[in-house]
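J.: heads up, no residue letters with this:
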């Protein structure tokens, strides 16, 4: 079996990236722990929910976000995060309901993902929930709106590309993937399959199959 040649500079760069991400995670956890200990009301509940979500205790996170909403029903951040964790819990209908409520009352609400600092919005959350529900057409409209709101919303750009591949609109999908500075692990397989299908249209069904298997969480 062939083994790739060790490149010290490449490996050092990768290790530095991992270390930087670890420092970011550590700092975020420290910030949230401080908030849990020092804040009161919905800010404390949100910090507890964030900690639970980072620990992948999505049921626990949902309970904290629900409690935050009981204290302040207008808390858009709590509603957005609640919709996202409900998707992760496969509570699809309730996720769509929460996301739809958020999109109707605050269509221009924006926020960032917990750990990656990537931009998200109410429309990203709605697209995520609708796609999970199987309504790809409505999801694509929501992701389009999200991109109109924030051009650097890479998740919505990539997700729109995936949905276009599923629909058989390969050229349009590649246009979306070309907007991404880095496709990352979530979109790279679909983007690669779509580009191969541009070169050889006979591969379009295979690209659609790859897109159909793509599974992404918004945050």
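T.: Ah, there it is. Values in this document were obtained by computation on a predicted structure and should not be read as measured data. Numbers count the residues shown, from 1 in each chain.
J.: OK, contacts around the residue nearest to residue 106 when sequence neighbours are not counted?
T.: Leaving aside its chain neighbours, residue 106 sits nearest to residue 76 (4.9 Å; criterion: Cβ to Cβ, 6 or more residues apart in numbering). Heads up, the C-betas are built off the backbone N, CA and C, glycines and all. For residue 76, the contact set (Cβ atoms under 8 Å, 6 or more residues apart in numbering) comprises 102, 105-106, 109, 111, 122.
J.: restricted to helices, list the residues you listed.
T.: 102, 105, 122 (DSSP state H).
J.: just the buried subset of those, written out for ChimeraX, thanks.
T.: With 16 or more other Cβ atoms under 10 Å as the criterion, this ChimeraX line picks the buried residues out of these:
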select :102,122
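J.: for residue 164, see how far away residue 157 is.
T.: Relative to residue 164, residue 157 is positioned 11 Å away (Cβ to Cβ, to the nearest Å).
J.: and what of residue 94?
T.: Residue 94 is 28 Å from residue 164, by Cβ to Cβ.
J.: and these two? which has more neighbours close in?
T.: Neighbour totals were compared for residue 94 and residue 164, and residue 164 leads with 24 against 15 (other Cβ atoms under 10 Å).
J.: check which helix or strand that one maps to.
T.: helix 154-167 (DSSP states H and E).
J.: pull out the buried residues from that helix.
T.: Buried residues in helix 154-167 (16+ other Cβ under 10 Å): 154-166.
J.: before we move on, what about stretch 91-98?
T.: Buried residues in stretch 91-98 (16+ other Cβ under 10 Å): 91-92, 95-96, 98.
J.: now those residues as a markdown table including secondary structure, pLDDT and distance to residue 213?
T.: Shown next, in a markdown table, are these (DSSP: H, G, I helix; E, B strand; the rest coil; pLDDT from 0 to 100; distance: Cβ to Cβ, whole Å):
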| residue | secondary structure | pLDDT | distance to residue 213 |
| --- | --- | --- | --- |
| 91 | coil | 97 | 22 |
| 92 | helix | 97 | 18 |
| 95 | helix | 98 | 21 |
| 96 | helix | 98 | 22 |
| 98 | helix | 98 | 26 |
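J.: need the max-distance pair from those.
T.: 92 and 98 (10.9 Å; Cβ to Cβ).
J.: now do the shared contacts for those two.
T.: Going by Cβ under 8 Å, 6+ apart, residues that sit against residue 92 and also against residue 98 are 86, 129.
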